[in-house]
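**Q** Predicted model and sequence follow; I will ask about them next.
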Amino acid sequence: MEHQFDFAALLQAHALLLSGALATVGLAAFASVVGICLSIGGAALGRSGIKAARQVVAGYVELIRNTPFLVQMFFIFFGLPTLGLHLNAMQAAALAMTINLSAYSIEIVRAGIEAVPQGQREAGMALGLRPVIVFGKIVLPQALGSMWPALVSQVVIILLESAVVSQIAVRDLTYAGDVIQSRTFRPFETYLIITAIYLILAVAARRVLLLLGRRLFVSGVR
Amino acid sequence: MAAQRNCILALVFGLGLMAFGASAVQADELDDIVKAGSLKVGIFEDFPPFSSAGADMSLHGYDIDVANALAAAMKVKLDLVGITGQNRIPYLNEHKVNILLSVGESAERAKVLDFTDAYAPYYIAVLGGPSIAVKGPADLAGKSVAVNRGTLEDTSLTAVAPPSTDIQRFNDYNGVIAAFLAQQVQLIVVSNDVGASILARHPAVEPQQKFELMSSPDHVALNKNEPRLKALINGVIQQMRTDGSLNKISIEWLKTPLPANF
């Protein structure tokens, strides 16, 4: 097995790799920000006194966590147009990633909220604060501090899982790799580079977000 | 009909004999076929609409109809032999089959086998709904086009499409077809066999053929130095073109009449 490695052909494709990596990061960032915001609302609703709201949130979490991401995305991209809802590939991918991430994050946020000692909430109530203020100013900041590492893991997972959006022709990093591979017939070199870029992106995202978390949420809980 | 066919047969046999009468001392494939009483045709078993298994598990398709016509013209029974893209040329050269169908002409192949006239159109075309006006590569500017990544369709489209064309590359034909049927793209580039499977579904988007990107018609392949067999097959193909039976086969399997240049 003699193989002449040739990375020169890939250097010519650096613009494609760069735009692909940007699309991957952009999609993951969008899904993370919107998804985490949604999941905080979802977790709050899931713990609210309204039974119907609790059931809707529980059903949503069960549905999304027990079906494959690829199928969810195919449903949005190929299926929804039948009902007249046309999303282009990028929009469909962003929506699918947001929906997927928020379902997983709702559970993380819920656990984070439950980890805040009951006494904190009771103290707030005893001071005469409205429940919304108690949740937003007392419970949530402490909860975010303790659940931040788990949320960061979820962000990294969605960043890596976003590789499947290439299946609906979103020009992400994996798509760039597939195109380069089909042009150069050099799968080893191509996917080695793609793997390295994903590794760098994932490690960098984790480091930066954990650092950010330490700055933002100095939690007294842990 | 039968008399006419006999007449043509006699003619091509006669011509073949005249041309090679004395010198033809080596084994002749046509003699072998007639002697064996069967024409062994190498055929793909999963290559719709040219040949694939139907509900009753028997093979059917464009190639099967042509193979039946060839066997009938030789007055022998048809013996279909399943082949793959890898083994079919060795099968032919080792006389495990007498002829192959669905063979595109190439200089490489011409070194080891001989081609008859083309019997089936094979081309890559741009398809789209009736409302979109596309007559040539320049009209693709600003349009979205789905294509199967890394295929001949991909490379021939990429070579001619203007830079502003939104080429969306999918992993397989399912993705390409689904994206088109869901109207996620305006146009698709597929070969006529894949196009036929879309046309057969009569989708609401009413795909039409806009223009051809590349054409490489299918030929019958046979071993080299078999002039009598070649002349006979060419005669049958010519006959089927003129009497309209080949066009009928095209409409049945490719869902479109034979191209004008055929």
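**A** Thanks, I have it. This is a predicted model, so every value here is computed, not measured.
**Q** quick one: contacts of stretch B:110-121?
**A** Outside of stretch B:110-121, the residues that reach it under the criterion C-beta atoms under 8 Å, 6 or more residues apart in numbering or on different chains are B:50, B:62-63, B:66, B:89, B:92-93, B:100-103, B:105, B:109, B:192, B:215, B:217-226, B:230, B:233-234, B:237-238, B:240, B:246, B:250, B:254, B:258-259, B:262. Heads up, the C-betas are built off the backbone N, CA and C, glycines and all.
**Q** what about it, start to end distance?
**A** By C-alpha to C-alpha, to the nearest Å, the extent of stretch B:110-121 from end to end equals 19 Å.
**Q** if we can go back for a sec, the contacts of stretch B:110-121, buried ones only, as a ChimeraX selection?
**A** Selecting in ChimeraX just the buried members of those, where the criterion is 16 or more other C-beta atoms under 10 Å in any protein chain shown, is done with this command:
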select /B:50,62,63,66,89,92,100,101,102,103,109,192,215,217,218,219,220,221,222,223,226,230,233,237,240,246,250,254,258
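**Q** The one residue in chain A that gets nearest to chain B - how many residues pack around it?
**A** Among residues of chain A, the one nearest chain B by C-beta to the nearest C-beta turns out to be A:S182. It sits 3.0 Å away. Taking other C-beta atoms under 10 Å in any protein chain shown as the criterion, the count of residues near A:S182 is 17.
**Q** what residues does chain A put near chain B?
**A** Within chain A, the positions lying close to chain B (C-beta under 8 Å from any C-beta of the partner chain) are A:77-79, A:81-82, A:86, A:88-89, A:166-169, A:175, A:178-179, A:181-183.
**Q** For B:I167, what is the enclosing helix or strand?
**A** When elements are defined using DSSP states H and E, B:I167 is found to belong to strand B:166-170.
**Q** Pull the contacting residues for B:I64.
**A** Neighbouring residues of B:I64 by C-beta under 8 Å, 6+ apart: B:43, B:51, B:80.
**Q** From the rest of the structure, what touches stretch B:84-100?
**A** Residues outside stretch B:84-100 that contact it (C-beta under 8 Å, 6+ apart) are B:29, B:32-33, B:39-42, B:44, B:70, B:81, B:83, B:109, B:112-113, B:220-223, B:229, B:233.
**Q** since we're on the nearest residue to A:F77 once chain neighbours are set aside, how many residues are nearby?
**A** In this structure, A:F77 finds its nearest non-sequential neighbour in A:A92, 4.1 Å apart by C-beta to C-beta, 6 or more residues apart in numbering or on different chains. Taking other C-beta under 10 Å as the criterion, the count of residues near A:A92 is 25.
**Q** ok, and the closest non-adjacent residue to the residue of chain B found nearest chain A?
**A** Nearest to chain A in chain B, going by C-beta to the nearest C-beta, is B:G150, at a distance of 3.0 Å. The shortest distance from B:G150 to any residue other than its chain neighbours is 3.0 Å, reached at A:S182 (C-beta to C-beta, 6+ apart).
**Q** Ok, B:D172 next?
**A** Counting by C-beta to C-beta, 6+ apart, B:D172 lies nearest to B:N148, which is 6.3 Å off, once chain neighbours are set aside.
**Q** Now, of the residues of chain A next to chain B, which are buried?
**A** When those are checked for burial by 16+ other C-beta under 10 Å, the buried set is A:77-78, A:81, A:88-89, A:166-169, A:175, A:178-179, A:181-183.
**Q** Show me which pair in those is furthest apart.
**A** Greatest spatial distance in these: A:P81 and A:R183, 30.2 Å, computed using C-beta to C-beta.
**Q** so where is the chain shaky, pLDDT-wise?
**A** Using chain A. A:1-3, A:218-222 (pLDDT under 70).
**Q** that's the wrong chain, I meant chain B
**A** Going by pLDDT under 70, which is the cut-off in play, chain B has low-confidence ranges at B:1-26.
**Q** For residue 171, what are phi and psi?
**A** With no chain named, the answer covers chain A. The phi and psi torsions at A:R171 (degrees, to the nearest 10) take the values phi -80, psi 70.
**Q** wait, I meant chain B there
**A** Recorded main-chain torsions at B:N171 are phi -80, psi -30, according to degrees, to the nearest 10.
**Q** Do I have it right that it meets A:I168?
**A** No - in this structure B:N171 lies outside contact range of A:I168 using C-beta atoms under 8 Å: 9.7 Å.
**Q** tell me how far stretch A:24-37 is from the chain's mean position?
**A** Relative to the mean C-alpha coordinate of its chain, stretch A:24-37 is positioned 6 Å out (C-alpha atoms, centre = their mean, to the nearest Å).
**Q** Only alpha carbons, please: show the strand or helix carrying B:D32 as CSV.
**A** Element membership for B:D32 (DSSP H and E) is helix B:29-36. What follows is helix B:29-36, C-alpha atoms only, in CSV (Å, rounded to 0.1, in the frame of the first residue of the first chain):
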residue,chain,number,x,y,z
GLU,B,29,-20.5,-16.0,-32.9
LEU,B,30,-23.7,-15.9,-34.9
ASP,B,31,-23.3,-19.6,-35.9
ASP,B,32,-22.7,-20.4,-32.2
ILE,B,33,-25.9,-18.6,-31.2
VAL,B,34,-28.0,-20.3,-33.8
LYS,B,35,-26.4,-23.7,-33.0
ALA,B,36,-27.0,-23.2,-29.2
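**Q** Which strands or helices does that helix pack on?
**A** Applying 3 or more C-beta pairs under 8 Å, 6 or more residues apart in numbering or on different chains; DSSP states H and E, we find helix B:29-36 packed against helix B:62-74, helix B:227-242.
**Q** could those go into CSV alongside distance to A:I193?
**A** Below are the helices and strands packed on helix B:29-36 laid out as CSV (distance: least, C-beta to C-beta, whole Å):
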stretch, distance to A:I193
helix B:62-74, 43
helix B:227-242, 50
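**Q** Mind telling me what element the nearest residue to A:I158 once chain neighbours are set aside is part of?
**A** In space, not counting the residues next to it along the chain, A:I158 is nearest to A:L101; the distance is 4.7 Å by C-beta to C-beta, 6+ apart. Here A:L101 sits within helix A:89-115, counting by DSSP H and E.
**Q** Which positions within that helix qualify as buried?
**A** Neighbour-count burial for helix A:89-115 flags A:89-90, A:92-110, A:112-113 (criterion: 16+ other C-beta under 10 Å).
**Q** cool, and stretch B:95-115?
**A** In stretch B:95-115, residues buried by neighbour count (16+ other C-beta under 10 Å) are B:97-103, B:109, B:113-115.
**Q** Pull the most distant pair out of these.
**A** Considering C-beta to C-beta, no two members of the buried residues of stretch B:95-115 lie farther apart than B:N98 and B:R109, which are separated by 16.9 Å.
**Q** tell me the SS of the residue of chain B closest to chain A?
**A** The local conformation at B:G150, judged by DSSP: H, G, I helix; E, B strand; the rest coil, is coil.
**Q** That one: how many residues sit nearby?
**A** B:G150 has 16 neighbours, counted by other C-beta under 10 Å.
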